[in-house]
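Asker: Prediction below, plus the sequence it came from.
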Amino acid sequence: MSSASWHARIACGGEAGAGFLVSERHVLTCAHVVRDSARAPVAVSFPHREDLGVVTAAVRAHGGWVGHGDDLGDLAVLELDHTVPVRPAEFAGPEDAYAEPRPRLLVYGFPKGYREGTLAEYRATAAQRIADEWVQLEAWSAHGQPLAPGFSGAAVTLADSNRVVGMVSAAARASSGVRNGRMLPTSVMARYWPPLGDLIPTPGHRRSAKERLRALVDRATAAGVADDPERLYRDAVGPFDPPVPREGFGSLWSAAWYVLSEVDDPDAVTRLADRLAGLLEAPSAPAAPTPGTLPVWSPILIEIDHSGAGDDQLLVEVSAYREGLRHLVDSDTVAAGHVRSYVQKHVDDAFSHLTPGTDELLAFVLPRALLNWPVAQWECGADDPTPLGCSYPLVVTDRARRKGGLRFRLAQKWEHLDEGATTVLHRVECGTPEKPNKLRFRLRHGGANLAGFAAPPRAERAGPDAGVTHFDVSLTVPVPMLLWPRTGCEDAEHQDGAGCQGSDFLDRLAAHIDGHPPAELPRTILSLRESADAADEPEKHWARDVQLLWDDPRCFPDAPAAASHSPVA
């Protein structure tokens, strides 16, 4: 039985349980077995090595268990007062306990009346975990030793190899008549104590890649440069691998171990390690912007396009940019009436991809016919009625300007705007007699960077000009920024803006934006929308329905089409 010498008996206060040696000085057991360790000594003995006597120990690590049977993290790491000449336990692969047919599992515990210990035979009911924490055990036969107090902390081993697959953490109540229990599988135990990850096989991952990741996790944790493990996990695995557990990740290591033990894609380990290496080598994250400084935009892109499957079906894709790289969050074909709820759900997910310290920017890429959609008025979510446009800087862009010569010319214009240009509103009045070709000439040769319209595009399209409209002209010149009231005056008979609600809109708008840097415009419009929403009569405020088309191609590099598939392909 020398191969079982690592089984240990644990006594602490009035509690007795089991444990198992995993290094020369470390023994694992359940946290509830040593719950009184602050008041009573922890005594460890090895029933197969009586010559070692009783070794005192201290609790050196804890899984976070707080006192109830169903609390998570019921794991304690004991450090012995001195090393012991016992070969530590060896571990099986995380999936070896769930082979078909189910393998026989042995448990060595110390129930009342068995100070020297006794064996119980069990098997895993299923690979599925309870609350992503425990695996259910069921008795191998109806007449064997049941799990009872004294088995807590015992190693669960494969009968044919004596390799560890988990640790007993709970048993069924004696009065229930059911012979089952729960174990913490080794893959869960390693979340709570990182050194255990070095001992557990992780099929599909090279040892060198695993060691590199562990070292980078230690360095990143010490340097404090990776304080959002959920975001790092999502970056590593992509949108179609296991989601973040309901309780999240309590540490960077728990996220890294989840990649090692739960994700099938071996490249995910490399991606996570490379990201941590980049964080360690990069300069400190930019400080949060202060008033008067130009924003550093981190865009969330919401692309919407016609699907080809009918007017009611739209292709929607949500992605996020960080450090110039685009990360897909989700894409799908969505009924028009469900686009708002789809966007609300996935925009919230996209925030986990943004770089801390930068300015979030929601950008809706829309077909030209939908540019007047009230996206700024959409609620943030089912539990938050705040309009999106009052919570974040929000802009729209024209899908047709995302490619070719228009995109090239827009990039050239923004290079010029970076040289210190300020915004000057070029007005397009409601019912203007100016021909579209004249407007094109004025905008191009006047170097216009911002055009303001007194009426929404749909009103202009209903006017007398059946060909190219003034709005079309401003899009194709192209002017980098356009503003208009999403609702308002639609009377095409106005001359020179006399008595026009839209003309008043342009007057007020110019007073707020003329002379400001173009890069600040999304933030300025956010402030106007907030003021309108806070007014006594928001629906009457002149800025309530302001729509901003703001298009800097450098913020959205290499944007592909809205979705990678078509439902009618």
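Answerer: Yep, it's here.
Asker: wait, doesn't C30 sit right on A171?
Answerer: No: if you go by C-beta atoms under 8 Å, C30 and A171 don't touch, sitting 11.5 Å apart. For every residue, glycine as well, the C-beta is placed using N, CA and C.
Asker: Give me the more crowded residue out of the two.
Answerer: C30 (26 against 23; other C-beta atoms under 10 Å).
Asker: any idea of the pLDDT on that one?
Answerer: The per-residue pLDDT reported for C30 equals 95.
Asker: Does L549 lie in a helix or a strand, and which?
Answerer: Element membership of L549 [criterion: DSSP states H and E] is strand 546-550.
Asker: Just confirm D311 is within a strand.
Answerer: No: counting by DSSP: H, G, I helix; E, B strand; the rest coil, D311 is not found in a strand; it is coil.
Asker: Excluding chain neighbours, what is closest to it?
Answerer: When the adjacent residues along the chain are set aside, D311 lies closest to A336, with 7.3 Å between them (C-beta to C-beta, 6 or more residues apart in numbering).
Asker: And for the one you found, the neighbour number?
Answerer: A336 has 15 neighbouring residues, counting by other C-beta under 10 Å.
Asker: same check, this time on N437
Answerer: For N437, the tally of surrounding residues (other C-beta under 10 Å) stands at 10.
Asker: Confirm it sits in a helix?
Answerer: Yes: assessed with three-state DSSP, N437 lies in a helix.
Asker: which ones are touching it?
Answerer: With contact set as C-beta atoms under 8 Å, 6 or more residues apart in numbering, N437 has these partners: V473.
Asker: So for it, what's the pLDDT?
Answerer: 84.
Asker: Use 13 as the first number from now on
Answerer: Yes, from this point I'll number from 13; that puts the last item at N449.
Asker: quick revisit: are there residues contacting both of C42 and A183? Which ones?
Answerer: Residues touching both C42 and A183 (C-beta under 8 Å, 6+ apart): S164.
Asker: Distance of the residue nearest to D323 relative to L383?
Answerer: Noted for A348: a distance of 16 Å to L383, by C-beta to C-beta, to the nearest Å.
Asker: for P397, same thing?
Answerer: When distances are taken as C-beta to C-beta, P397 and L383 turn out to be 24 Å apart.
Asker: Ok, W146 next?
Answerer: Between W146 and L383 the distance, using C-beta to C-beta, works out to 53 Å.
Asker: So between these two, which is more surrounded?
Answerer: Set side by side, W146 and L383 show unequal neighbour counts under other C-beta under 10 Å, the larger going to L383 at 23 against 20.
Asker: Secondary structure element holding V377?
Answerer: strand 371-378.
Asker: Count the residues that sit near the closest residue in space to V200 that isn't next to it in sequence.
Answerer: Nearest-residue entry for V200: E145, 5.9 Å, with adjacent residues in sequence omitted and distances by C-beta to C-beta, 6+ apart. Per other C-beta under 10 Å, the neighbour tally for E145 reads 20.
Asker: Now for A546, how many residues are close by?
Answerer: 10.
Asker: wait, W554 sits on G514?
Answerer: No: W554 sits out of contact with G514 when judged by C-beta under 8 Å, with a separation of 10.1 Å.
Asker: Give me the more crowded residue out of these two.
Answerer: Neighbours were counted for W554 and for G514 using other C-beta under 10 Å; G514 has more, 26 against 18.
Asker: sorry, back to before: buried residues of the helix or strand following the strand holding V377, list them for me.
Answerer: Scanning the chain past strand 371-378 towards its C-terminal end, the next helix or strand to appear is strand 391-393 (assignment: DSSP H and E). Of the residues in strand 391-393, C392 count as buried by neighbour count, 16 or more other C-beta atoms under 10 Å.
Asker: I'd like the distance from strand 391-393 to the chain centre, please.
Answerer: Averaged C-alpha coordinates place strand 391-393 at 18 Å from its chain's average position (C-alpha atoms, centre = their mean, to the nearest Å).
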